[in-house]
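Colleague: any chance you could fold what I've pasted below:
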Amino acid sequence: MRVVQGLPISWKSAVATVYHDTMVRMVEWSPCGRLIAVAQHDSTEVLDAVTLERLYTFKHPRGGIPWLCFSPDSHLLTRFNDKLELTSWDLQTGGPVSTISSGLGEPCSPYLSFTYSMDGKMVALAYGDSDISTSTIFTYDLLSRTRTCCYHSPKGPMVAEIWTHGECIRFITLGPGSITIWEVGFTSTDAPTEVERLPGPRDLGRLWEVLFLPTLSRFASATTSGVLVWDARNSKLLLDVGSTKITGISFSSDGCFFAYGIARTEICIWKESGTGYELHKKLIPTLLSSARPDISPDGGSIITSHSSMVQLWRTTDPTPSPSIVPTQCIGHFILEFSPEETLAAVGRMYGNTATVLDLKSGDPRLIVDAGMKIIGLRVTWDTIVVVGEGKVVTWTLPTGDDTFNARVNIDESVQVTMFDYPAIKVPRFYVPYTSISPGFDRVAVIGRGSDNLDICDVSTGGHLAGTTTRGWIPCFTPDGREVWCIGHNVEGWSIVKDSESGVTKLEPLGPTAYPSGGVPCRSSRGYRVTDDWWVVSPSGKRLLWLPHDWRSGETSRRWNGRFLGLLHHELPEAVILELDE
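Modeller: Numbering: from 1, shown residues only. From the prediction side, this is the model:
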């Protein structure tokens with residue numbers, strides 16, 4: 001694989017990325033750090049923590065909001081939901097252990113936490129939130145598949161996850177400037193008793209999320225105004241960062257690393273120092289809106305999850321934090337290859353500039369200042385055609401010594417045609433997609449959000465024919481005799497001109513027909529992109545695993561022979577690759 005354009009800006013330091021069939025509801029590290037469990041609506045997947053390879057997929061009926069918990073030896077995995085139902089699996093055999101139904105008709109409070117007993121035979125589940133006066137703990141025997149005990153927290157609700165301490169369950173409650181630790185046995189009939197009271201921070205405000213690290217008595221909170229980490233044992237503030245829209249907080253098991261996410265910005269990883277925590281690195285996930293960080297038990301890795309995607313990173317990776325924040329979406333890319341595989345024309349939709357690249361060297365051959373909002377391009381070995389606001393403009397490519405970074409504007413064009421059909425003008429409320437015929441004599445336009453396909457004459461600017469379509473990306477066949485529309489389906493029409501009347505018509509092709517020469521978003525030579533983001537050669541050889549920022553849907557790819565264009569709209573430039581088996 002040779003990168004013509006797009007490296008190294010768009011290659012980030014994520015080790016691996018995996019997509020799931022439905023939305024990811026929760027992600028959990030195993031205590032051994034070698035497994036990652038992912039809860040979806042109707043399934044639970046177990047991934048290898050080094051490669052994110054799927055090891056197990058457990059299917060089950062949909063029901064409630066899911067949470068996950070591993071046993072201390074990482075041999076068992078239990079899935080809970082807000083109806084207090086649980087299902088457990090043995091990760092050594094891949095088989096189920098038990099399913100316990102609570103019999104509740106309605107979901108309980110949305111806050112849940114849970115812990116295994118040290119021998120892995122029992123689990124405790126706690127639920128409750130800060131808007132009620134108490135929280136409740138249920139214990140379950142996995143072997144007998146029964147619920148055994150029920151406890152209520154005294155003096156207010158639990159504010160962090162419960163944990164196992166010896167043969168007991170422990171949890172904390174907050175008071176004015178204090179943290180109280182409580183304890184109760186897995187099978188005890190007694191009420192929880194107070195174990196210890198530690199100094200806590202004052203004036204926390206409205207808590208959004210709380211963590212308590214029992215081994216170090218560290219208290220972390222995310223509020224509407226920022227993030228705080230407190231050493232309760234020594235009554236010391238370790239970190240105080242003012243920030244809004246926190247998407248999650250996480251500790252490593254030894255407290256050496258601490259991370260939090262900021263919506264639409266970044267993931268911040270902090271490392272323990274002699275005075276508290278100092279910023280270690282920042283990560284820029286692919287989907288920033290609410291990516292949630294989870295640090296591995298040993299602190300060496302971190303996973304971020306959002307929507308249907310999970311990404312794996314290394315916290316100790318010496319690669320510096322990316323200095324380039326993804327650009328705002330200012331328009332999709334337009335990319336067209338020349339038929340002879342020597343040039344590519346690329347620009348931003350609605351941008352004013354188009355660049356003709358030499359595919360052999362990767363150097364710009366011509367930069368076009370179109371002086372209008374661009375909505376379509378086509379290039380051959382000697383010509384570039386640009387479709388814009390109500391007109392189509394043609395330039396001749398420079399020859400001789402003047403073929404590197406040459407610049408032209410509309411005054412240096414060889415032809416300008418004004419369209420007299422409104423569909424060619426840039427609409428206000430939807431993005432149009434265009435295609436220029438190989439002979440530069442026709443333009444096809446589909447407005448995104450519209451169901452109309454229109455064909456116009458380049459030489460006169462007149463409207464030739466139109467029809468309705470379910471696609472949104474038009475393309476001509478190499479001989480220019482057919483036009484096809486690509487979307488969820490591929491549908492096509494023959495372009496027929498009546499010899500007597502001179503009227504051009506679009507005659508629909510059959511549902512089993514397929515364009516000769518293929519369509520730009522699919523390779524005509526047998527290359528393809530698999531569901532797990534491998535670019536595969538015609539013989540089936542894996543050539544490249546696509547980095548997450550290079551991933552886009554099929555309709556945002558462009559193929560031409562050995563060349564592949566990837567048009568991720570958040571990148572500062574289109575990515576162009578030359579593949580070679």
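
Colleague: every contact and neighbour count from this point should use C-alpha atoms.
Modeller: Will do.

Colleague: so what's the closest residue to Gly439 other than its chain neighbours up against?
Modeller: Leaving out its chain neighbours, the residue that sits closest to Gly439 by C-alpha to C-alpha, 6 or more residues apart in numbering is Gly480, at 7.1 Å. Gly480 makes contact with Ser437, Pro438, Gly439, according to C-alpha atoms under 8 Å, 6 or more residues apart in numbering.

Colleague: any idea how far Glu336 is from Gly480?
Modeller: Distance, Gly480 to Glu336, by C-alpha to C-alpha, to the nearest Å: 16 Å.

Colleague: mind checking the SS state of Leu52?
Modeller: coil (DSSP: H, G, I helix; E, B strand; the rest coil).

Colleague: surely it meets His20?
Modeller: No: counting by C-alpha atoms under 8 Å, Leu52 stays clear of His20, with 11.4 Å between them.

Colleague: in terms of neighbours, single out the busier of these two.
Modeller: More crowded of Leu52 and His20, by other C-alpha atoms under 10 Å: Leu52, with 19 against 15.

Colleague: what is the helix or strand of the chain with the lowest mean pLDDT packed up against?
Modeller: The helix or strand of the chain with the poorest confidence is strand 16-19; it has a mean of 77 (mean pLDDT, DSSP states H and E). Other helices and strands packing on strand 16-19, by 3 or more C-alpha pairs under 8 Å, 6 or more residues apart in numbering; DSSP states H and E, are strand 309-314.

Colleague: each with direction, which strands does the helix or strand just after the strand it packs on pair with?
Modeller: Following strand 309-314 in sequence order, the next helix or strand is strand 333-337 (DSSP states H and E). Paired neighbours of strand 333-337 in the sheet (DSSP bridges): strand 343-348 (antiparallel).

Colleague: C-terminal to the strand it pairs with, what's the next element?
Modeller: Assigned by DSSP H and E, the successor of strand 343-348 is strand 353-358.

Colleague: now do that following strand, average pLDDT.
Modeller: Here strand 353-358 scores 94 as its mean pLDDT.

Colleague: restrict it to CA atoms and write it as CSV.
Modeller: Taking C-alpha atoms only, strand 353-358 is exported to CSV below (Å, rounded to 0.1, in the frame of the first residue of the first chain):
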residue,chain,number,x,y,z
THR,A,353,-10.8,25.4,-4.4
ALA,A,354,-10.1,22.2,-6.4
THR,A,355,-6.7,20.5,-6.6
VAL,A,356,-5.5,18.1,-9.4
LEU,A,357,-3.0,15.6,-7.9
ASP,A,358,-0.5,13.6,-9.8
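
Colleague: end-to-end on stretch 253-264?
Modeller: Stretch 253-264: ends 27 Å apart by C-alpha to C-alpha.

Colleague: tell me the average confidence for that stretch?
Modeller: 91.

Colleague: which residues touch it?
Modeller: Contacts of stretch 253-264 (C-alpha under 8 Å, 6+ apart): 213, 215-216, 243-252, 267-272, 287-299.

Colleague: how does it look with 6 Å?
Modeller: Applying C-alpha atoms under 6 Å, 6 or more residues apart in numbering, the external contacts of stretch 253-264 come out as 245-251, 267-272, 288-290, 292, 297, 299.

Colleague: helix or strand for the most far-flung residue of the chain relative to its centre, which one?
Modeller: In the chain, the residue that sits farthest from the middle, by C-alpha atoms, centre = their mean, is Glu500; the gap is 55.1 Å. Assigned by DSSP H and E, Glu500 belongs to no helix or strand.

Colleague: what comes up buried for stretch 114-127?
Modeller: Buried residues in stretch 114-127, counting neighbours by 16 or more other C-alpha atoms under 10 Å, are found at Phe114, Thr115, Tyr116, Ser117, Met118, Gly120, Met122, Val123, Ala124, Leu125, Ala126, Tyr127.

Colleague: turn those residues into JSON lines, including pLDDT and distance to Pro176.
Modeller: Output for the buried residues of stretch 114-127, formatted as JSON lines (pLDDT from 0 to 100; distance: C-alpha to C-alpha, whole Å):
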{"residue": "Phe114", "pLDDT": "89", "distance to Pro176": "26"}
{"residue": "Thr115", "pLDDT": "94", "distance to Pro176": "27"}
{"residue": "Tyr116", "pLDDT": "95", "distance to Pro176": "30"}
{"residue": "Ser117", "pLDDT": "95", "distance to Pro176": "31"}
{"residue": "Met118", "pLDDT": "94", "distance to Pro176": "33"}
{"residue": "Gly120", "pLDDT": "91", "distance to Pro176": "36"}
{"residue": "Met122", "pLDDT": "93", "distance to Pro176": "34"}
{"residue": "Val123", "pLDDT": "92", "distance to Pro176": "31"}
{"residue": "Ala124", "pLDDT": "92", "distance to Pro176": "28"}
{"residue": "Leu125", "pLDDT": "88", "distance to Pro176": "26"}
{"residue": "Ala126", "pLDDT": "87", "distance to Pro176": "23"}
{"residue": "Tyr127", "pLDDT": "81", "distance to Pro176": "22"}
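
Colleague: for Thr189, state which of the residues you listed is nearest.
Modeller: Ala124 (14.3 Å; C-alpha to C-alpha).

Colleague: quick one: contacts for that closest one?
Modeller: Phe114, Thr115, Phe138, Thr139.

Colleague: elements contacting the helix or strand where the last one lies?
Modeller: Take DSSP H and E as the rule and Thr139 turns out to sit in strand 136-141. Counting by 3 or more C-alpha pairs under 6 Å, 6 or more residues apart in numbering; DSSP states H and E, the packing neighbours recorded for strand 136-141 are strand 122-127, strand 146-152.

Colleague: partners of the last one, with directions?
Modeller: Here strand 146-152 has these sheet partners by DSSP bridges: strand 136-141 (antiparallel).

Colleague: which residues touch the strand it pairs with?
Modeller: 122-127, 146-152.

Colleague: among the residues you listed, which one lies nearest to Arg197?
Modeller: For the contacts of strand 136-141, the nearest to Arg197 is His152 (18.7 Å; C-alpha to C-alpha).

Colleague: how about the closest one: what's its closest non-neighbour residue?
Modeller: Thr136 (4.6 Å).

Colleague: just the buried residues of the contacts of Gly480.
Modeller: For the contacts of Gly480, buried by 16+ other C-alpha under 10 Å: Ser437, Pro438.

Colleague: so which of the contacts of Gly480 are in strands?
Modeller: Judged by DSSP state E, strands contain none of those.

Colleague: identify, from the contacts of Gly480, the entry nearest to Tyr527.
Modeller: The closest of the contacts of Gly480, once distances to Tyr527 are taken by C-alpha to C-alpha, is Pro438, at 23.3 Å.

Colleague: which residues does the closest one contact?
Modeller: Contacts of Pro438 by C-alpha under 6 Å, 6+ apart are Gly480.

Colleague: mind checking pLDDT for it?
Modeller: As predicted, Pro438 sits at a pLDDT of 90.

Colleague: pLDDT below threshold where in the stretch 101-250 of the chain?
Modeller: 102-111, 129-133 (pLDDT under 70).
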